[in-house]
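S.K.: just the structure for this:
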Amino acid sequence: MGGVGKTTLIKNITNKLTRPSPVSDSFSIVIWITVSNKTQETESELTKVQNLIAKRLKLELPEESMETRASKLHARLMMEKTFLIILDDVWDLIDLDLVGIPTPQVHKGGKLI
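M.R.: Numbers count the residues shown, from 1 in each chain. Here you go, the predicted model:
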């Protein structure tokens, strides 16, 4: 569903969350990733998402198997008290386990948009 203002709305929310204020204390880290409307769940696209999240976390992910990278990313995100990950411009399902993103059921302080 393109063109209804989802990205603009989320940009405004992200700006409020990243400026110093009582609201910005809600999350220890906010990660925004534009996935791409052409993305399909291929290993190279999932690796791209992993790399972008790792860069924001200042985590080095060597060229290893997708599962090893996902495990390291998952462990690092679990160390955060709270986090918000925004995946923008997603047109297909993304397997969060393959990427290494803990679901809110696994990490109560983690949120995903």
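S.K.: what helix or strand does the nearest residue to residue 97 once chain neighbours are set aside sit in?
M.R.: Excluding its sequence neighbours, the residue lying closest to residue 97 (CB to CB, 6 or more residues apart in numbering) is residue 70, at 6.9 Å. No exception for glycine: its C-beta is placed from N, CA and C like everyone else's. Taking DSSP states H and E as the definition, one finds residue 70 inside helix 66-79.
S.K.: just residue 33 next, same as before
M.R.: In this structure, residue 33 sits in strand 29-34 according to DSSP H and E.
S.K.: list the buried residues of that strand.
M.R.: Neighbour-count burial for strand 29-34, with 16 or more other CB atoms under 10 Å as criterion, is recorded at 30-33.
S.K.: name the residues that touch the helix holding residue 70?
M.R.: The contact list for helix 66-79 (CB atoms under 8 Å, 6 or more residues apart in numbering) reads 43, 46-47, 50, 53-54, 57, 59, 61, 83, 97-102, 106-107, 110.
S.K.: re the thing from before, who are the packing partners of the strand holding residue 33?
M.R.: Packing partners of strand 29-34 (3 or more CB pairs under 8 Å, 6 or more residues apart in numbering; DSSP states H and E): helix 6-18, helix 43-56, strand 83-88.
S.K.: got the angle between it and helix 66-79?
M.R.: Interaxial angle of strand 29-34 relative to helix 66-79 (axes from the mean of the first three to the mean of the last three CA atoms, to 10 degrees): 140 degrees.
S.K.: neighbours around residue 3, how many?
M.R.: If you count neighbours by other CB atoms under 10 Å, residue 3 ends up with 6.
S.K.: could you find the closest non-adjacent residue to residue 80?
M.R.: Using CB to CB, 6+ apart, the closest residue to residue 80 is residue 28 (5.1 Å).
S.K.: which residues does the one you found contact?
M.R.: By CB under 8 Å, 6+ apart, the neighbours of residue 28 are 80-83.
S.K.: need the pLDDT of residue 8.
M.R.: We have a pLDDT of 82 for residue 8.
S.K.: how about residue 108?
M.R.: Per-residue confidence (pLDDT) for residue 108: 91.
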